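*Asks:* pasted the sequence and its predicted model underneath.
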Amino acid sequence: MSAGTEARRLARRRRAQSWRHGWREFRRNRSGMAGAVVLTLFVVMALAAPLIADADGLSVTRATGGVLESPSGAYPLGTDDNGRSVLTLLIWGSRISLLVGLLATVISILIGTTVGLLSGYFGGWPGAVLFRLTEWFLVIPFLPLAIVLATVLGRSLVNIAIVIGVTSWPGTALLIRSQTLSIKQRAYVDRSRALGGGHGHLLARHVLPNVMPLVFANTTLTVAVAILSETTLSFLGLGDPTRVSWGSMLQDAFQVGAITTGSWWFIVPPGLCVVLVVLSFTLVGQALESVLNPRLRERR
Amino acid sequence: MSAPRLLEARGLVVRFTGQGGATATAVDGVDLSLRSGEVVALVGESGSGKTTLARTLMGLERPAAGEVLLDGAPVGRRARELKEFRRRVQMVFQDPAGALNPRHTVYEAVAEGLRLHGRTTRDPQGRTEEERVAAALSSAGLRPPERLFLRYPHELSGGQRQRVLIAGALALAPELLIADEPVSSLDASIRGELLALLLTLRAELGLGVLVVTHDLGLAWNIADRTAVMYLGRIVESGPTEEILTRPQHPYTQALLSVVPESRRLEPVVLHGEVPDPTRIPAGCRFHPRCPALADGSAAAAGVDDGCRTARLPVLPATGEHVVACHLAAARGVAGGSASASAAGAEPGRGASD
Amino acid sequence: MTGLLRIEDLSVTYRTEEGDVPAVRGVDLAVDAGEVLGIAGESGSGKSTLASTVLRLQPSSARVSGSVRVDGSDVLTMRWGELRALRWAGASIVFQGAQHSLNPVRRVGTQIAEPLRVHDPRATDDTVTSRVGELLEQVGLPAARAAAYPHQLSGGQRQRVMIAMALACRPALVLADEPTTALDVMVQAQVLALLSGLVRELGVGMVLISHDLSVLADMCDRIAVMYAGRVVEQGPAAEVFEASLHPYAGALSAAFPRVGDPAARFAPAGLPGDPPDPRYLPSGCSFAPRCSRAVDACREQVPPLEEKRPGHAAACIRVGEP
């Protein structure tokens, strides 16, 4: 069917067009672009870690420097209490921090979107039960729950991601729920029902695609929260003890009294990295929201 | 008119529970029938329950009592039964801008029904999906159809959107179509074209159409039969010529008299608006606003007590001219059914604003 | 010969990113006290732009030429102070969609009182309250409804409140832009009866804008039909509605059938095609692409608006031809 392939090609071109349009909109948002640039740098750093910093530098036994040496030519950011280069730790730590952050986000978004979608779409008792569950998780203070969970599950990379994911989804769920409630009222959902569409069809073809942009924008905001949470948990000593992350660096620094000894090079770099990454994700998230959410776009 | 009777409502009641717990009876006992090859207009003001009735016929609202029948068999509430029903009966929604998903192209919007019923609707002519979408678009008057395939709703004019909605319904080759205010949001010059399209579809496909509207001119333009609805009930129904030239119910008479540029009638402007469906008046539901009761003609006929206290029966869904009015009944329109010779069709009496 | 409202050779062009969009193109209109002029046209015909330009309410992206005189003074060039005085007391506008024009969190009485207080800052609370009550009663609402919020009123009642607001400072000219769109026939009849009562009793001049020619025929003394920014026909209301000269006016009039007219039975009258995109107007007569009577000459030059019968003008070269 030549006309069919032609139509498909045109459809692809139109989709590409709308992507390009979105990208143009995004580029106009300065803070979003700044965030994107910073993030790209960090991601490149995390991916290229084996190339720019020798993994041997992470080993306590093979450490070459002295204890808490201040920055010098050999160690641009000084050394830690075991004589390892802080720069090497920082570079390798970015991998763990970003990985845990992303993994936790995936878990959180999956749970949040599913619960939000279902509780918004289905009225009656299933919706009410899911909504109560969301509220219940929302009011439980994050830290105690995370500490309990981390203690029960044990300290590992995946577990810490699960802990963060399981505790951070209610916000997403509420957002998705309210959007779903509004989409459900649209006349095109009724039309699809009248055409013979069942619940699965309505959810997959009408509700979800119209909720997706919000999910997408929310994801970047959740990553920021997740990275911060990872740092918090690692700082409290609940992280994976075998791996270096920014959070665990801060914990180390705190434990060896880096503040009292004035070893700023051990505290400031990981702290700054966390702040930068979290800020960048937030900026990108806000920019995406304004590009993808038509309501915000009109207001501008 | 030997076409088989197809869609019927019997004693349909639909209630909604509002915020304060008050129960509104949007549809309060309605009998209605629609045959294939027939255009029926359901006329009423907003708040009359006409849209709720249409949605209930389509299975979008659950009736509190009564049933919807297709070819004499009740339509079930199970997903499979509803889906099969919706292959034969389709709906065109009010507000064409909102009834199209902004993220779907015209092609996707029209093909949606075909894909949903993919297995049950084998095309007898062996056409592909694309050919069937093209055929539906061109029968809705969008030619050449291929040029519109990849447009998004916001790139279309109001008239085009409404035609896409009609095409989406037609793609399933339904036997009956329910159209809710199909032209109310469109420009005047587009209106006639769309109404003509409905008549063409009736002539070519034998489609039965139920048009829900507030516009008596539309009923006059295209409907074989007209049913007038007030506060959840049909108060008068019958052949359109009868209803719109010799109305028996004071409400129909008043409605007709305020159609702009209907010079032959002295306008009877009713006070107030359709009452709140949580508090349906006792007796005849129209009596608090009825000009015939206010000016004493009901009292003269000796039915004024009945107007205030005696409930009227649900009008049967026959094709004849029937009216739910104590006064019309007293004037010798026995059993609420009016014949062409019935007296008392003098609008123009009563309170004007 | 000043007259209440005189519009001469008015053109309004919106400047957009995609280029200039002409909304109104060379319109002449006149309204006197106690007279109702109807402007008929579809969406995009420029009728709403025309109404807002009379009070200089057009968006800042619009470029305006020509003149608009209310009581002899030019609205387009007057100073800000004069314009304010005009907007409060000289002329007022009733917008379509009363739902969105009322502030949802303030009582309707307060909103009606606002122009009164601005107009006369020394007015006492008592005089303002009694005037608000008077205005509400004038539009057929009990004075006690002043305490209601917009959401407590029905669509028809909100439209009445809008009319009361427009009347607050006793304007000489009222512009009503689709005042009954989205209202039911019965409520529409109530609002129209109210408006024609006001013209009769207060002697105001009124411009009534609608897409429904039959409404205008009932209400107006004269009707001007607009298409693609121009007036294509103007004349006595009944003549324009029943014996129109321009094919477009004829189509608009046929679009709303007279109930009981056998000719309209099973014969809805329509017009093929869509209204033109103002950015890409065809050469010659803009209606030609949809016109069944168009000939080659129609596509060559823009037909002038000429008097074809006494007091009845049309912009069509085919009038009177077979």
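*Replies:* Good, I have the coordinates.
*Asks:* where in the chain is pLDDT low?
*Replies:* In the absence of a named chain, this looks at chain A. A:1-8, A:10, A:293-300 (pLDDT under 70).
*Asks:* please refer instead to chain C.
*Replies:* In chain C (pLDDT under 70), the answer is C:1-2, C:97-99, C:322.
*Asks:* so how far is B:Ser189 from the residue of it found nearest chain B?
*Replies:* Chain B sits closest to C:Gly270 of chain C, with a gap of 2.6 Å, by Cβ to the nearest Cβ. Backbone N, C-alpha and C define where each C-beta goes, glycine included. C:Gly270 is 6 Å from B:Ser189, where distance means Cβ to Cβ, to the nearest Å.
*Asks:* got any residues that touch both of the two?
*Replies:* Residues touching both C:Gly270 and B:Ser189 (Cβ atoms under 8 Å, 6 or more residues apart in numbering or on different chains): C:251, C:255.
*Asks:* neighbour count: these two, which is higher?
*Replies:* B:Ser189 (24 against 20; other Cβ atoms under 10 Å in any protein chain shown).
*Asks:* could you name the helices and strands sitting against the helix or strand containing the more buried one?
*Replies:* When elements are assigned from DSSP states H and E, B:Ser189 belongs to helix B:188-205. Using 3 or more Cβ pairs under 8 Å, 6 or more residues apart in numbering or on different chains; DSSP states H and E, the elements in contact with helix B:188-205 are strand B:39-43, helix B:129-139, helix B:158-170, strand B:176-180, strand B:208-213, helix B:216-222, helix C:247-255.
*Asks:* out of those, which one sits most buried?
*Replies:* When these are scored by mean count of other Cβ atoms under 10 Å in any protein chain shown, the highest mean neighbour count falls to strand B:39-43 (a mean of 28).
*Asks:* and after it, which helix or strand comes next?
*Replies:* helix B:50-57.
*Asks:* and that following helix, which residues are buried?
*Replies:* B:50-57 (16 or more other Cβ atoms under 10 Å in any protein chain shown).
*Asks:* how about that helix as CSV, C-alpha atoms only?
*Replies:* C-alpha atoms of helix B:50-57 as CSV (Å, rounded to 0.1, in the frame of the first residue of the first chain):
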residue,chain,number,x,y,z
LYS,B,50,-32.5,16.1,26.7
THR,B,51,-28.7,15.6,26.7
THR,B,52,-28.9,13.2,29.7
LEU,B,53,-31.6,11.3,27.8
ALA,B,54,-29.3,11.0,24.7
ARG,B,55,-26.4,9.9,26.8
THR,B,56,-28.4,7.3,28.6
LEU,B,57,-29.7,5.9,25.3
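*Asks:* need the contact partners of it.
*Replies:* Under Cβ under 8 Å, 6+ apart, the answer for helix B:50-57 is A:190, B:7, B:9, B:12, B:14, B:26-27, B:30, B:32, B:42-44, B:61-63, B:68, B:89, B:91, B:94, B:178, B:180-181, B:210, B:212, B:229.
*Asks:* off-centre distance for that helix?
*Replies:* Put simply, helix B:50-57 sits 8 Å off its chain's centre (Cα atoms, centre = their mean, to the nearest Å).
*Asks:* now the helix or strand following it: mean pLDDT?
*Replies:* Counting by DSSP H and E, the next helix or strand C-terminal to helix B:50-57 is strand B:65-70. The average pLDDT for strand B:65-70 rounds to 92.
*Asks:* what's strand B:65-70 in contact with?
*Replies:* For strand B:65-70, with Cβ under 8 Å, 6+ apart as the criterion, the contacting residues are B:6-13, B:29-30, B:56-57, B:59, B:74-75, B:85, B:88-89.
*Asks:* so for that strand, what gets flagged as buried?
*Replies:* Those would be B:66, B:68-70, for strand B:65-70 by 16+ other Cβ under 10 Å.
*Asks:* same check, this time on stretch C:113-121
*Replies:* Going by 16+ other Cβ under 10 Å, stretch C:113-121 has these buried residues: C:113-116.
*Asks:* does residue 194 count as helix, strand or coil?
*Replies:* I'll assume chain A. Per DSSP: H, G, I helix; E, B strand; the rest coil, the local secondary structure of A:Ala194 is helix.
*Asks:* any idea how far it is from B:Lys50?
*Replies:* Distance from A:Ala194 to B:Lys50, by Cβ to Cβ: 16 Å.
*Asks:* what about A:Ala287, distance to A:Thr172?
*Replies:* For A:Ala287 relative to A:Thr172 (Cβ to Cβ), the value is 19 Å.
*Asks:* ditto for A:Gly93
*Replies:* Distance from A:Gly93 to A:Thr172, by Cβ to Cβ: 27 Å.
*Asks:* what do you get for A:Arg62?
*Replies:* A:Arg62 is 43 Å from A:Thr172, by Cβ to Cβ.
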